[in-house]
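**Student:** A structural model of the following input is requested.
(chains A and B)
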Amino acid sequence: MSVVARIKEVTAEAINRLYSVDIQPNDVLVNATKPEFEGEYTVVLFAFVKQLKKSPDALGQELGEAILASNPGLFSSFNIIKGFLNLTISDSYWIPFLQDAYSKNNFGYGALTGQKVMVEYSSPNTNKPLHLGHLRNNFLGWSIAEILKATGNEVVKTCIVNDRGIHICKSMIAWQLFSEGATPKSTGTKGDHFVGDYYVKFNDAYKREVDELVAGGMDKETAEKEAPIMKATQQMLLDWEAGKPEVMELWRTMNGWVYKGFEETYQKIGSDFDKTYYESNTYLLGKDLVENGLAKGVFYQKEDGSVWIDLTADGLDEKLVRRKDGTSVYITQDIGLAEQKQKEFNASQSIYVVGDEQNYHFKVLKLICQKLQLPSADGIYHLSYGMVELPTGKMKSREGTVVDADDLVQEMINIAKQKTEELGKVKDFTESELAELYETIGLGALKFFLLRVDPKKKMVFNPEESIDFHGFTGPFIQYTHARIKSILRKTGEPGNNVSFHMPLLPLEKELLVLLETFPAVIADAASEHDPSKLAIYVFNLAKAFNSFYTEHSIAHAETPEKKELRLLLAGLTARVIKSGMQVLGIRVPERM
RNA sequence: GGACCGGUAGCUCAGCUGGAUAGAGCAGCUGCCUUCUAAGCAGCAGGUCAUUGGUUCGAAUCCAAUCCGGUUCACCA
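**Tutor:** Numbers count the residues shown, from 1 in each chain, chains lettered A, B, ... in the order given. Below is the predicted model:
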């Protein structure tokens, strides 16, 4: 049990015993003590003052004495300032904690819950390569999956690939018109970029055709419908749905190029999936559920034959679930896929990592699933994240301000290389060791930058700030880890079987307090679905270690006993940094 | 227009289930490498927590209104 949980428990117990009331541990507010006061944790007394009819000081005095007397191994002293009961945790608590935590190889990880959780993330379109926004999605999805694993859940990572539809046909038409048979291989282009280029070519040609028609006297709206390239694209979509062989062949070929490109990117950034769904297989799902819903009276049919659900009573709107021509809309297949996932995996929770522009969509999705009484309905959770913007504003593909994922990753790696060479600390590394280090640092900087902010909030990606390797960054934390490992290489690993008698110094205690909260931070990040909590924590830990490191020598500590203690402290800090970063998807180097 | 989200230091962000004098990083300014990696440390400076009112022992945090910004409400995906 965590120190905070124990403080809540013993405080509630003491209040109940002293004043014959019924206070629950969770009613006790425990904060970290402000640095200017003595102690590590503080019980806020105001909440009880009125009920117990005591002055804060008197209550604090009685309470402090009581919990100190009944928990001599936990507290060493207390003081009361203006209604705050500051508690000093005893060294005889910290030392065994340190030894115990160090002896575990999975400190911080929770016990198995027996629960299964699905995490759907990444979910790209196959008509263009991944960009900066996808990176936030991928890093978030991968990390939340790891965090949920660390808290004892079985996790199934899935991806739904949007591999069909009008946008794919645009790239296909453009390739037919303009490629003269070119392929990724013949041009030496990565497959997803190759196909994306034709998507751009489509839009250029389309715009030209519309402009010409408008110049010829047609109004813009009609011109947009009548442009030959658009009509050809729509015909191709019909041909695809009809399964016309040459269209299917081209579709498979071009998607194949894209998948090869994506695979390369995923490999590089560390995304992986246990199960990949393709929309070409799932877009017809959910049709039976529409019938089902009609029979149940959840849906209703309008005179023209279209099918709807009325969500106005839930504060939403009416929502179409089947067109009058009998075809499905987007949400229908989502309902169907939710049901399919449930049948296939029977997870208790299903997380969708999708941008916040689809908040409404997921609200509707969950509501409809609930009204249809699908078993998976209550487990649907939309992990909504904000858009990534540039200092100049939003990324717009039409204006060419989209930051390409592959380019950005490569740029980060290049900068890592350049900075590493400037510092010249790893001149003895082999070529492959260097390549790995640059990738670790470059990707670490990028991932940390995108994960350190609350997912719910939109964020600004400032290219200059993101490539900074100082301060609140991935490389800062990686560097701290490398420093510790350097010490351990020179002094040897800590022994962990020594008894300690010297009092802990403030900076030693600060590290211990932080280390002790690691399990609670992971649990919090899991329940909040928020990796940034962990990112902030790991940064604070690294910062605390660096202060400690500057102030106190480990290898040349005052006594052998202190050296042993500090080795343990440093060793545990390195492990926590490593596992904390690991669940963020960031590797830490032994040297840098 | 309805719904939802946001507004905290020059910039990027923490803090938001109410608790002590609102915190980091970057940028700016001072110091610190013959001792375990200076991608570091210590310090200075920087704030009307959008505005107004309310709730109370106490409000950046809760409530209401207002202002500003964003997203969304397709027989698109």
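
**Student:** The closest residue to RNA strand B within the stretch 151-300 of chain A and residue A:249, how far apart?
**Tutor:** Ranked by Cβ to the nearest atom of the strand, the top residue of the stretch 151-300 of chain A for proximity to RNA strand B is residue A:165, at 3.9 Å. Where C-beta positions appear, they are placed from N, C-alpha and C, glycine not excepted. Distance, residue A:165 to residue A:249, using Cβ to Cβ, to the nearest Å: 18 Å.

**Student:** which phi and psi does residue A:117 have?
**Tutor:** When read as degrees, to the nearest 10, the backbone of residue A:117 gives phi -130, psi 140.

**Student:** and residue A:16, how far is that from residue A:83?
**Tutor:** Residue A:16 sits 20 Å away from residue A:83, going by Cβ to Cβ.

**Student:** between these two, who's got more neighbours?
**Tutor:** residue A:83 (16 against 13; other Cβ atoms under 10 Å).

**Student:** ok, now which ones touch that one?
**Tutor:** Applying Cβ atoms under 8 Å, 6 or more residues apart in numbering, we find residue A:83 in contact with A:44, A:45, A:46, A:49, A:56, A:57, A:60.

**Student:** at 6 Å instead, please
**Tutor:** Contact analysis of residue A:83 by Cβ atoms under 6 Å, 6 or more residues apart in numbering lists A:45, A:46, A:56.

**Student:** and if you look at residue A:110?
**Tutor:** A:151, A:152.

**Student:** switch to 7 Å and redo it
**Tutor:** Each residue near residue A:110 by Cβ atoms under 7 Å, 6 or more residues apart in numbering is listed here: A:150, A:151, A:152, A:523.

**Student:** Just the pLDDT for the second one.
**Tutor:** pLDDT recorded at residue A:151 is 96.

**Student:** Return the backbone torsion pair for it.
**Tutor:** phi -90, psi 20.

**Student:** Quick check: phi and psi on the residue of the stretch 151-300 of chain A closest to RNA strand B?
**Tutor:** phi 120, psi 180.

**Student:** re earlier: dump the contacts of residue A:110 to JSON lines, plus distance to RNA strand B and neighbour count.
**Tutor:** What follows is these, written out as JSON lines (distance: Cβ to the nearest atom of the strand, whole Å; neighbours: other Cβ atoms under 10 Å):
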{"residue": "A:150", "distance to RNA strand B": "19", "neighbour count": "23"}
{"residue": "A:151", "distance to RNA strand B": "17", "neighbour count": "24"}
{"residue": "A:152", "distance to RNA strand B": "21", "neighbour count": "15"}
{"residue": "A:523", "distance to RNA strand B": "12", "neighbour count": "19"}
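
**Student:** Which single one of the residues you listed is nearest to residue A:185?
**Tutor:** Using Cβ to Cβ, residue A:150 is the member of the contacts of residue A:110 that lies nearest residue A:185, at 41.7 Å.

**Student:** Grab the nearest non-local neighbour of that closest one.
**Tutor:** Taking Cβ to Cβ, 6 or more residues apart in numbering, and ignoring the residues beside it in sequence, residue A:150 has residue A:109 as its nearest neighbour in space, at 4.9 Å.

**Student:** Just the closest of the contacts of residue A:110 to residue A:537, please.
**Tutor:** The shortest approach to residue A:537 among the contacts of residue A:110 belongs to residue A:523, at 11.7 Å (Cβ to Cβ).

**Student:** Leaving out the residues flanking it, which one is nearest to the closest one?
**Tutor:** In space, residue A:523 is closest to residue A:151, 5.8 Å off (Cβ to Cβ, 6+ apart).

**Student:** Double-check residue A:192 against residue A:256; I have them as touching.
**Tutor:** No. Checked against Cβ atoms under 7 Å, the pair residue A:192 and residue A:256 is beyond contact range at 10.9 Å.

**Student:** between these two, which one's more packed in?
**Tutor:** residue A:192 (27 against 14).

**Student:** Can you name the residue of chain A nearest RNA strand B?
**Tutor:** residue A:471 (2.0 Å).

**Student:** how near is that residue to residue A:118?
**Tutor:** 36 Å.

**Student:** more neighbours, the two?
**Tutor:** Ranked by neighbour count (other Cβ under 10 Å), residue A:471 and residue A:118 place residue A:118 first, with 29 against 10.

**Student:** Could you chop chain A up by domain?
**Tutor:** Using automatic domain parsing, the domains assigned to chain A come out as A:3-89, A:165-260, A:442-584.

**Student:** how about the helix or strand of chain A with the lowest mean pLDDT: buried residues?
**Tutor:** Least confident element among the helices and strands of chain A, by mean pLDDT, DSSP states H and E: helix A:463-466 (a mean of 74). For helix A:463-466, burial by neighbour count (16 or more other Cβ atoms under 10 Å) applies to residue A:466.

**Student:** can you tell me if that helix touches RNA strand B.
**Tutor:** Yes. Using Cβ under 7 Å from any atom of the strand, helix A:463-466 reaches RNA strand B at residue A:465.

**Student:** How far does that helix sit from its chain's centre?
**Tutor:** Offset of helix A:463-466 from its chain centre (Cα atoms, centre = their mean, to the nearest Å): 20 Å.

**Student:** Quick one: mean pLDDT over the helix or strand just after it.
**Tutor:** Next helix or strand after helix A:463-466 toward the C-terminus (DSSP states H and E): helix A:474-491. For helix A:474-491, mean pLDDT rounds to 97.

**Student:** Next: stretch A:15-34.
**Tutor:** So the average pLDDT for stretch A:15-34 ends up being 92.

**Student:** now swap in stretch A:527-546 and tell me
**Tutor:** Mean predicted lDDT for stretch A:527-546 stands at 97.

**Student:** got a list of contacts for it?
**Tutor:** The set of residues external to stretch A:527-546 that reach it, using Cβ under 7 Å, 6+ apart, is A:140, A:143-144, A:147, A:351, A:383, A:448, A:451-455, A:472, A:476-477, A:480, A:510-511, A:514, A:521-522, A:524-525, A:573, A:576-577, A:580-581, A:583-584.

**Student:** can you rerun that using 8 Å?
**Tutor:** A:139-140, A:143-144, A:147, A:351, A:381, A:383, A:448, A:451-455, A:472, A:476-477, A:480-481, A:483-484, A:507, A:510-511, A:514-515, A:517-518, A:521-522, A:524-525, A:570, A:573, A:576-577, A:580-581, A:583-584.

**Student:** Selection in ChimeraX covering whichever of those residues are buried, please.
**Tutor:** Buried members of the contacts of stretch A:527-546, defined by 16+ other Cβ under 10 Å, are picked up in ChimeraX with:
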select /A:139,140,143,144,147,351,381,383,448,451,452,453,455,472,476,477,480,481,483,484,507,510,511,514,515,517,518,521,522,524,525,570,573,576,577,580,581,583,584
